[in-house]
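Participant: Provided below for reference: sequence and predicted model.
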Amino acid sequence: MKTGKILCIAACLLISGCGIFAPDKAKPEAAKPTLRLTLLPQEPLSVGHATTVLLKLNDMTSRTLMTDDMLEVKHTKKLHLLVIDPSFRDYQHIHPQPTATPGIYIFSFTPKRPGGYRAWADVTPVFTGKQEYDMADLGAPKGAGVTKTESHESTVDGYHFTLSFDSAPVAGGESMGSITITDKNGEPVKNLEPVMGAFAHIVGFYDDYRTIVHVHPMGAEPQNDSDRGGPDLSFHLEPSKAAFIKLYAQVKINGKEIFTPFGVNVGKGS
Ligand SMILES: [Cu+2]
């Protein structure tokens, strides 16, 4: 409702720079990090093996440990952790849980690929009221980088996803993206279930392995678990620089979460 709308607008302004909502032409972007993320795996990462990881966030200035009450709820959670390997092939969206020790969170991580990962905590500290991404490594990410292949089609679990833009994404420009979903019979999928307060979470990783974007489809957000969305998901993309972006859309169909990958080359612009 009202809060959802404000959150959506805030996310839109901060990340994608949605022109419709922007009161002026200022370039909106995610806030500069104010927190330091620390990840403490309790044993070395190993492919296919669940490792317990402890997490904490400290204020960079005061070093104060951030406790649960110091973080705002965004899309039904206080702490979203976006994790990906250097080849951008294994993306995981995790929600660390608070432990009995205030400020210490815990989660289980099972890598599908060797060589370490990088993680971004997507949080909104109460004292800034601004969404920010705090980055830290999980293990030692190294190895081959990204294959920069443009890819606007993706099939996962029999569902076909097609990505298009109204104009080619360029640095400093603004493009309207659209993802259309059909089932194995070619029929439009209209039963997208809510995932964390949205019909889709679209997260893009730039090939600098530092910059990310997290946007949500435009239009009404789900208010109830019984609400359904699809087959089209429209979103704004306002790339901050020329780069290759690996874009993942996370949706939920028939109770199952699906992550669908795309590759987008962002041009230099004029
Ligand atoms: Cu999201």
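Facilitator: Yep, that arrived. Predicted model only: the values in this text are computed from it and were never measured.
Participant: quick one: least confident helix or strand in the chain?
Facilitator: Least confident helix or strand, the chain: helix 2-11 with a mean of 44, by mean pLDDT, DSSP states H and E.
Participant: State the next helix or strand along the chain beyond that one.
Facilitator: strand 35-41 (DSSP states H and E).
Participant: Partner strands of that following strand, with direction?
Facilitator: strand 51-59 (antiparallel) (DSSP bridges).
Participant: So which bits of the partner strand are buried?
Facilitator: The neighbour-count check on strand 51-59 (16 or more other CB atoms under 10 Å) flags 51, 53-58 as buried. Just so you know, the C-beta spots here come from the backbone N, C-alpha and C atoms, and that holds for glycine as well.
Participant: try stretch 120-130
Facilitator: Buried residues in stretch 120-130 (16+ other CB under 10 Å): 120-125.
Participant: Pull the distance from stretch 81-92 to the chain's centre.
Facilitator: Going by CA atoms, centre = their mean, to the nearest Å, the spacing between the C-alpha centre of stretch 81-92 and its chain's C-alpha centre is 10 Å.
Participant: mind listing what's buried in it?
Facilitator: Applying 16+ other CB under 10 Å to stretch 81-92 flags 81-86, 88, 90-92 as buried.
Participant: Kindly report the same for stretch 187-207.
Facilitator: Judged by neighbour count (16+ other CB under 10 Å), stretch 187-207 contains these buried residues: 189, 192-207.
Participant: Ramachandran angles for the residue nearest the centre of the chain?
Facilitator: By CA atoms, centre = their mean, the chain has its centre lying nearest to residue 203, at 3.4 Å. Note on residue 203: backbone dihedrals following degrees, to the nearest 10 are phi -120, psi 130.
Participant: who are the neighbours in contact with residue 119?
Facilitator: Counting by CB atoms under 8 Å, 6 or more residues apart in numbering, residue 119 makes contact with 37, 39, 81-83, 135-138.
Participant: Can you give me the distance of the residue nearest to residue 165 when sequence neighbours are not counted to residue 246?
Facilitator: In space, and not counting its chain neighbours, residue 165 is closest to residue 175: 4.5 Å by CB to CB, 6 or more residues apart in numbering. Distance, residue 175 to residue 246, using CB to CB, to the nearest Å: 16 Å.
Participant: out of the two, which sits in the more crowded spot?
Facilitator: residue 246 (24 against 20; other CB atoms under 10 Å).
Participant: Figure out the helix or strand that that one lives in.
Facilitator: For residue 246, the host element (DSSP H and E) is strand 243-253.
Participant: helices and strands around that strand, which ones?
Facilitator: Counting contacts by 3 or more CB pairs under 8 Å, 6 or more residues apart in numbering; DSSP states H and E, strand 243-253 packs against strand 91-94, strand 159-165, strand 192-193, strand 201-206, strand 256-266.
Participant: can you do 6 Å?
Facilitator: strand 201-206, strand 256-266 (3 or more CB pairs under 6 Å, 6 or more residues apart in numbering; DSSP states H and E).
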